[in-house]
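A.B. asks: any chance you could fold what I've pasted below:
(one chain, ligands or ions: 1)
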Amino acid sequence: MFKKVLIANRGEIAVRVIRACREMGIRTVAVFSKADADSLHVRYADEAFCIGPADSASSYRNIANILSAAEITDAEAIHPGYGFLAEDANFAEVCASVGIRFIGPTPENIRVMGDKAKAREAAHRAGVPVLPGSPGPLRDEKEALKLAQKIGFPVILKAAAGGGGRGMRVIHTEASLGNAFHQAQSEALASFGSGEIYIEKYVVDPRHIEIQVLADERGAVVHLGERECSIQRRHQKILEEAPSAVLTEKIRKRMGEAAIDLVKSARYRNAGTVEFLVDKDLKFHFIEMNTRVQVEHPVTEAITGIDVVKEQIRLSAGDSLDMKQRDVQFVGHAIECRINAEDPDTFVPSPGRVVRFDLPGGPGVRVDTAVYAGYTIPPHYDSLVAKVIVHGKTRDEAIARMSRALDESRIEGIKTNIPLQRKIMADPDFRRGKYTTHFLERYAPEP
Ligand code: MV4
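C.D. replies: Residues are numbered from 1 along each chain as shown. Take a look at the predicted model:
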């Protein structure tokens, strides 16, 4: 096992990885920007290294500075967390070339899944259901039109290098396809440096359900069940739960097997998440694969008892998967609420000094955060300040427990979305489990 790991991230995920390392007897190196000197991840690590100014391009995304910190401190491996360098195939490759283990999949895995058109092809090759659409990237507007006519409207154009919803265009009529094609292409080029786009049948009012997978270097694979992630605004998830309230045992099993088929066929390694859209008839189709640990991994940990971050570290060190699919047992129901520093009505970020930070506790409650009373949340990064995760015997118990946990919370000095999370807990459709990706529009109009 590694003796020392560098965590190339900040905030709650850096704290989360440090905790896993500490319990595994691995020494930790935190890196931090000048804006983050007072963050908990700096305090919890065995060593901490300043890697640059506040802007993340100069610090948390600065490969040279991070590798220097790793070399100076003799770290054998780097955990990238999520965001920043987590899905940078080039970074993973550079780590390998200087003899530092990147805790995650292979550079080739990241490259294939990072290209959403290639990922679609990989899923198709694996026999995993994909939506009708282009086999690869679109050559021109003419090809887009031909395919749209074949698939039938509505269709959606997506950036191959995109994901997470950026650079997408929904098209309802033949007449609007021309403009949409060129808009999607130039937006993709401007946002991702690649104008490659592809087309798919558009699923109206879908659910977003994803499967967590783990794979070792010998090709053994398990899935850890699904996470329901439909409660989102502008492609930012707000709340996640496991299991999904709508899946049947039969479909859950088929989705898990589909995810495993893709992992095996693509020779994917380490932890990953296979994303599906699920329609009203519970038909599911692959859309993307995420090659990192995700913000919402704790709901899976709660219902399986499996520590996803420790598994990532073990698998990266070359250990074999120490479980079979039948060993993965699901117990109870878990919900995660993301607590963001933002105005609950306008969604405008609300950084600043936190004067009170009373977190919930008690049975079945977990809080992941790098914030404490007296801390000043810097304005330079995302607005996630804490994740509240609850686990209960049933979905009803988990909802009651989350409502109770949110009621116990007192955060002052900054605005947070706790009032919005409380409204969601009280919503009759949420309580019935009847919701889709459009659920939040009633509380949070898209601009
Ligand atoms: C779709 C879709 C419907 N049909 N693809 C959004 C995030 C990214 N991971 C994929 N996304 C979607 N892909 C097809 N073929 C619906 C979404 C989607 C969505 C789209 C527009 C506005 C809000 C959305 C919220 C969740 C999912």
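A.B. asks: what strands line up against the helix or strand harbouring residue 225, and which way round?
C.D. replies: Here residue 225, judged by DSSP states H and E, is contained in strand 221-233. Note on strand 221-233: by DSSP bridges, its sheet partners are strand 207-215 (antiparallel), strand 236-242 (antiparallel).
A.B. asks: please work out the average pLDDT along it.
C.D. replies: Per-residue confidence for strand 221-233 averages out to 97 on the pLDDT scale.
A.B. asks: same deal with stretch 162-179?
C.D. replies: Mean predicted confidence for stretch 162-179 is 88.
A.B. asks: and the contacts of that stretch?
C.D. replies: Under the contact criterion C-beta atoms under 8 Å, 6 or more residues apart in numbering, stretch 162-179 has outside partners 114, 116, 141, 144-145, 148-149, 153-159, 180-181, 183-184, 187-188, 191-192, 197, 202, 234-235, 288, 290. All C-beta spots, glycine's among them, are computed from the backbone N, C-alpha and C.
A.B. asks: now the helix or strand harbouring residue 184: buried residues?
C.D. replies: Secondary structure here is read from DSSP H and E; on that basis residue 184 sits in helix 177-192. Neighbour-count burial for helix 177-192 flags 177, 180, 181, 184, 185, 187, 188, 189, 192 (criterion: 16 or more other C-beta atoms under 10 Å).
A.B. asks: low-confidence ranges, this protein, go.
C.D. replies: Low-confidence segments of the chain, defined by pLDDT under 70: 164, 447.
A.B. asks: how close does the residue of it positioned farthest from its centre sit to residue 138?
C.D. replies: Summary for the chain: using C-alpha atoms, centre = their mean, the residue whose C-alpha lies farthest from the chain's mean C-alpha position is residue 175, with a distance of 35.6 Å. For residue 175, the distance to residue 138 equals 18 Å [C-beta to C-beta, to the nearest Å].
A.B. asks: and if you look at residue 268?
C.D. replies: If you measure residue 268 against residue 138 using C-beta to C-beta, the figure is 26 Å.
A.B. asks: same check on residue 99?
C.D. replies: Going from residue 99 to residue 138 by C-beta to C-beta gives 41 Å.
A.B. asks: tell me which of the two has more neighbours.
C.D. replies: When neighbours are counted by other C-beta atoms under 10 Å, residue 99 and residue 138 differ, and residue 138 comes out ahead with 23 against 9.
A.B. asks: need the contact list for residue 334.
C.D. replies: Under the criterion of C-beta under 8 Å, 6+ apart, the neighbours of residue 334 are 241, 242, 298, 299, 300, 302, 303, 389, 390, 391, 392, 398.
A.B. asks: torsion angles phi and psi at the residue farthest from the centre of the chain?
C.D. replies: Backbone torsions of residue 175, given as degrees, to the nearest 10, read phi -60, psi -30.
A.B. asks: center of this structure, which residue is that?
C.D. replies: Centre of the chain computed as the mean C-alpha position; nearest residue by C-alpha atoms, centre = their mean is residue 294, 3.3 Å away.
A.B. asks: that one contacts residue 273, doesn't it?
C.D. replies: Yes. Assessed by C-beta atoms under 8 Å, residue 294 is found in contact with residue 273 at 5.6 Å.
A.B. asks: return the residues of the stretch 51-200 of the chain in contact with the ligand.
C.D. replies: Residues of the stretch 51-200 of the chain found near the ligand (C-beta under 6 Å from any ligand atom) are 131, 156, 163, 164, 165, 200.
A.B. asks: what subset of those residues is buried?
C.D. replies: With neighbours counted using 16+ other C-beta under 10 Å, those contain these buried positions: 131, 156, 163, 200.
A.B. asks: which SS class is the last one?
C.D. replies: Residue 200 falls in the strand class when you classify it by DSSP: H, G, I helix; E, B strand; the rest coil.
A.B. asks: burial count for the residue nearest to it when sequence neighbours are not counted?
C.D. replies: The shortest distance from residue 200 to any non-neighbouring residue, by C-beta to C-beta, 6 or more residues apart in numbering, is to residue 133 (3.8 Å). Neighbour count for residue 133, taken as other C-beta under 10 Å: 24.
A.B. asks: which single residue in the stretch 201-350 of the chain comes nearest to the ligand?
C.D. replies: Ranked by C-beta to the nearest ligand atom, the top residue of the stretch 201-350 of the chain for proximity to the ligand is residue 203, at 3.8 Å.
A.B. asks: please report the distance of residue 19 from residue 28.
C.D. replies: Separation of residue 19 from residue 28 (C-beta to C-beta): 9 Å.
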